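A.B. asks: return a 3D structure for these sequence lines:
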Amino acid sequence: RGLDVCDWVIALAEDVGRRVPVRLVKGAYWDAEIKHAQVQGMPDFSVFTQKANTDFSYLVCAERLLAARRVVYPQFATHNAHTLAAVMCLAGKAERFEFQRLHGMGELLYVAARSRFENLPQVRVYAPVGGHRDLLAYLVRRLLENGANSSFVNRFLDARTPAREVVRDPVSVVEAQGARHPRIRMPEALYGVGRANAKGVDLSSAVSWRALQAAMAPHLAATFHAGPADDDDRRLRWVINPADASDRVGSVVDATRADVLAAFDAAHSEQEDWNARRASQRAAILRGWSDALEREMPRLISLLVREAGKTIADAVAEVREAVDFCRYYAQSAETEFEHAVELPGPTGESNRLELTGRGVFVCISPWNFPLAIFVGQVAAALAAGNAVLAKPAEQTPLVAAAAVGLGWTSGIPAAALALLPGDGAVGEMLTRLPDIAGVAFTGGTETARAINRVLAARDGAILPLIAETGGQNALFADSTALLEQLTDDVVRSAFGSAGQRCSALRVLFVQEDVADAALEMIRGAMAELCIGNPAALATDVGPLIDRAARDALARHVDACRAAGLNVHQVVLPNACSQGVFFPPTLVELDRVERLTEEHFGPVLHVLRFAADSLDECVAAVRSLGYGLTLGIHTRIDGRAQRIYAASRVGNTYVNRNMIGAVVGVQPFGGEGLSGTGPKAGGPRYLHRFATERTLTINTMARGGNVELLRG
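C.D. replies: Numbering: from 1, shown residues only. So this is what the prediction gives:
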C-alpha cells in the first residue's frame with residue numbers, strides 16, 4: 001500500500017498548495033500482520049513476506065516522492081548503505097530533501113557517505129523521548145528489527161557476509177526469489193489441502209466496508225420468517241431487535257407436538273438412506289452448504305446484527321466459524337468414515353472396524369452463537385450419518401431458519417434436517433422422544449442436567465449426551481505481565497460480545513504488586529468502549545439478548561454494591577435507551593467464593609492476590625467446579641505451565657485473549673460443570689455422533705467361492 005499512500009499524499013499536497021514534509025521509513029514485514037491476515041481470512045497479506053520486497057518498495061516510493069519535490073519535502077529515514085546510495089542516484093541534484101538517522105545508529109554510514117557524495121543533503125538525527133516504561137518497548141522493537149537475519153545492520157556487522165552480498169540490488173533479489181515467501185501459506189490455504197479457510201471481510205478497508213454495507217442494506221429493512229407457514233396470526237411470535245425495540249426482525253411459528261412427531265417420523269425414514277451414502281458424498285454436500293453460507297454472508301450478518309445484537313465484527317467471525325465447521329467436519333468424515341479400518345489378527349482371519357451413524361440426533365443450540373454453534377452441531381451429526389431434529393434458541397430462530405434453507409438448497413434432504421423452533425417445552429418434547437439416538441446441547445448447566453436426567457430415566461438404549469455449558473472463567477496475571485497487552489486482552493475477553501460468550505472472562509486475578517496500575521489502565525480502556533447500535537462499524541459493545549438477562553445482571557451488581565464491594569460502571573449513552581443494554585462493569589471482590597453462579601454479560605470480577613498465594617487462588621477457582629477457559633498472563637514460562645497443570649479446564653490461553661477459538665486449531669469444550677466433551681471443532685468430535693461396528697471373518701472356513709459355484 002506504500003505507493004497508494006505516496007500518490008494520496010502527493011495529491012493532497014497539490015490541493016493544499018504548499019510543500020508538505022513526507023517521512024519515508026522502511027519497515028520489515030511483521031509476523032503479526034501475516035498471522036492476522038491468515039486468521040481473518042483476508043484475500044492477501046497487507047505486508048510483504050520477504051525483505052527484498054520491502055527494500056524494492058522503498059526505492060519505488062522514494063522515486064515517486066523525489067519526482068514530486070515541487071509539492072513535497074521528502075525525508076528518507078534509513079541506515080542502509082544501498083538505500084542511501086540509491087536515493088542519491090535517483091535524486092540527481094541534492095536539493096529539497098533530507099536523510100534521517102536514529103541517534104546512536106548509522107553515524108559511521110553517514111560519515112562515509114559525506115566523503116563519497118559531495119552534495120549529500122542535510123542529515124537529521126532523531127531520538128525517542130520518554131521514560132523507561134515507554135521506551136523499553138521501543139528499544140526491544142529496534143533490537144528485534146536490527147537483529148533479524150535479513151536486516152542490513154545485522155548483515156553488515158557479520159564478517160562472514162561479503163560486502164557485495166550486503167548491498168545486493170533488491171530488484172535482482174526479487175527477480176531471483178519471486179515476490180512471495182515460498183513457505184508462508186496464503187490465508188485461503190492456511191489449513192493445507194482438503195480444507196479452504198473461510199473468507200473474511202477487511203473491515204479496516206473503506207472499500208470493503210462500503211461493499212458490505214451495500215450488500216447488507218436490503219436485509220436490514222427486510223422481515224424474515226421461521227417455522228411452518230400459518231395463516232393463523234395467533235400462532236405468530238415476533239422477534240424483536242434487542243438494540244431497537246421498534247425493529248420487528250421477523251416472525252416465527254413455534255413447533256407443536258404434532259410438528260415434532262411428524263419431523264421425527266420423516267427423519268427416521270430418511271436416516272438409513274442418508275447413512276448409506278458414502279462419507280465423501282455427505283462431505284460434498286456439507287462443502288456445498290459452507291459455500292452457500294459464505295455467499296450469503298451479508299444476509300446472515302444482517303440477521304445476526306438485528307436478531308442477536310451482534311456487532312459487525314462478531315457477525316463476520318460467526319459466519320466464518322459456521323463455514324469452517326462445515327468444511328472441517330466434511331474433511332473429518334472423509335478421513336474417518338469413508339473406509340473401514342483394517343485391524344491386525346491371526347492368519348486366516350480378517351477384521352475391520354467401521355463407523356456409522358446412530359440414527360436421529362436432537363441438536364439444541366444457544367442464542368449467543370445462533371449460527372456457528374447451530375450449524376456446527378448439525379453439520380457434525382449429518383457428517384456422521386445421522387438425521388437431525390434441530391431446535392434453535394427461542395430468541396434466535398430466524399438466522400437458524402436461513403441456515404437450514406441454505407442447507408436444503410445445497411443438497412441436504414429436507415427430511416434429514418428438520419427445524420423445530422420454540423421454547424424449552426419444544427426441547428423437552430424432543431429429548432423425550434422414545435427412539436432418538438442422542439442429544440447435542442449447548443447452553444446452561446442446569447438445562448444440561450435436566451436433559452441428562454431425562455435421558456437417564458428412559459428405558460431402552462443408553463444415549464450419548466454431548467453438552468457444552470458455561471464457565472466461571474478466570475485469568476491470572478502476575479507482576480511480570482505486560483500491562484498494555486493484559487489490558488487489551490482483558491477488555492476483549494470480558495466485554496467483547498457484551499460478555500455473552502461462554503468463554504468470556506469472568507474473574508481476573510491480578511498480583512497486588514501491579515494491581516493498581518493494571519486496574520487504572522483497564523478502567524481507562526473501558527471508558528473508550530463504544531456502546532450502542534451493533535449495525536454501526538464503530539460499536540464495540542452491543543445489547544444483551546433480552547430484558548431477563550439485563551435484570552439478572554442488575555440484581556447481581558446491586559447485591560455487590562449492597563455488600564460494600566467497589567463497583568465501577570461505564571455510563572450508557574442516551575441512544576441505548578431503545579434497547580436492552582447493560583454497561584460494562586468492574587466489581588472488586590474480596591473472595592472468589594462470592595460467585596455461586598455464572599453471570600452472563602459484561603461484568604468483570606477482580607481479585608488481588610499476593611505473590612505467595614497464587615497456588616491457593618488457582619485451587620479456589622478449581623474448587624468452583626467449572627472448567628471451560630483459563631487465561632494466564634506472565635513472562636515466566638514455568639509459572640504458566642504450573643498454573644495450567646494445576647487447573648482442570650478445556651482451553652487455556654497464555655498471553656492472549658480467551659475468546660474466539662478457531663475450528664480445528666483450538667478445539668473448544670470444557671469439563672466438570674462446563675461440559676462433557678468431546679471438543680467441538682476437534683478430531684474426536686464426530687466419533688461421539690457415531691457407533692462403531694467390527695466385522696470378523698474366518699477366511700479359512702470358506703472352502704472356496706461358494707457363491708460362484710452356485711452360479
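
A.B. asks: could you use CA atoms for every contact and neighbour count after this?
C.D. replies: OK.

A.B. asks: tell me, how many residues neighbour Ser350?
C.D. replies: Here the number of neighbours of Ser350 (other C-alpha atoms under 10 Å) works out to 16.

A.B. asks: is it located within a helix, as I assumed?
C.D. replies: No. Assessed with DSSP: H, G, I helix; E, B strand; the rest coil, Ser350 is strand; it does not lie in a helix.

A.B. asks: contacting residues for it?
C.D. replies: Ser350 makes contact with 342-344, 696-699 under the criterion C-alpha atoms under 8 Å, 6 or more residues apart in numbering.

A.B. asks: tell me where the stretch 251-400 of the chain has helices.
C.D. replies: For the stretch 251-400 of the chain, the helices identified by DSSP state H, counting those that start in this stretch occupy 257-276, 279-295, 297-308, 312-336, 372-383, 397-409, in order along the chain.

A.B. asks: report the buried residues of the second one.
C.D. replies: The one in question is helix 279-295. Neighbour counts using 16 or more other C-alpha atoms under 10 Å place 279-294 of helix 279-295 among the buried residues.

A.B. asks: which secondary structure elements does it sit against?
C.D. replies: helix 312-336, helix 372-383, helix 397-409 (3 or more C-alpha pairs under 8 Å, 6 or more residues apart in numbering; DSSP states H and E).

A.B. asks: what's the most buried one of those?
C.D. replies: Each of the helices and strands packed on helix 279-295 was given a mean neighbour count from mean count of other C-alpha atoms under 10 Å, and the largest, a mean of 28, is that of helix 372-383.

A.B. asks: need the contacts of Ser350 in JSON lines (columns: pLDDT, neighbour count and distance to Glu107).
C.D. replies: Written out in JSON lines, the entries for the contacts of Ser350 read as follows (pLDDT from 0 to 100; neighbours: other C-alpha atoms under 10 Å; distance: C-alpha to C-alpha, whole Å):
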{"residue": "Glu342", "pLDDT": "94", "neighbour count": "13", "distance to Glu107": "70"}
{"residue": "Leu343", "pLDDT": "94", "neighbour count": "12", "distance to Glu107": "71"}
{"residue": "Pro344", "pLDDT": "93", "neighbour count": "10", "distance to Glu107": "72"}
{"residue": "Thr696", "pLDDT": "95", "neighbour count": "12", "distance to Glu107": "80"}
{"residue": "Ile697", "pLDDT": "94", "neighbour count": "12", "distance to Glu107": "82"}
{"residue": "Asn698", "pLDDT": "92", "neighbour count": "12", "distance to Glu107": "84"}
{"residue": "Thr699", "pLDDT": "88", "neighbour count": "12", "distance to Glu107": "84"}
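
A.B. asks: which residues in the stretch 1-150 of the chain form helices?
C.D. replies: Using DSSP H, counting those that start in this stretch, helices in the stretch 1-150 of the chain cover 2-16, 31-39, 51-67, 81-91, 107-116, 132-147.

A.B. asks: relative to Val378, which of these is closest?
C.D. replies: Minimum separation from Val378 across these (C-alpha to C-alpha) falls at helix 31-39, 24.0 Å.

A.B. asks: so for that closest one, what gets flagged as buried?
C.D. replies: Of the residues in helix 31-39, 34, 37-39 count as buried by neighbour count, 16+ other C-alpha under 10 Å.

A.B. asks: who are the contact partners of Glu484?
C.D. replies: With the criterion set at C-alpha under 8 Å, 6+ apart, Glu484 makes contact with Met521.

A.B. asks: how far out from the middle of the chain is the helix or strand hosting it?
C.D. replies: Remark: Glu484 resides in helix 483-495, with elements defined by DSSP states H and E. In terms of C-alpha atoms, centre = their mean, to the nearest Å, the gap separating the centre of helix 483-495 from the centre of its chain is 15 Å.

A.B. asks: which SSE is immediately downstream of it?
C.D. replies: Using DSSP H and E, the next helix or strand after helix 483-495 towards the C-terminus is strand 507-511.

A.B. asks: angle of that next one against helix 483-495?
C.D. replies: 160 degrees (axes from the mean of the first three to the mean of the last three C-alpha atoms, to 10 degrees).

A.B. asks: having no further points to raise, I will conclude here.
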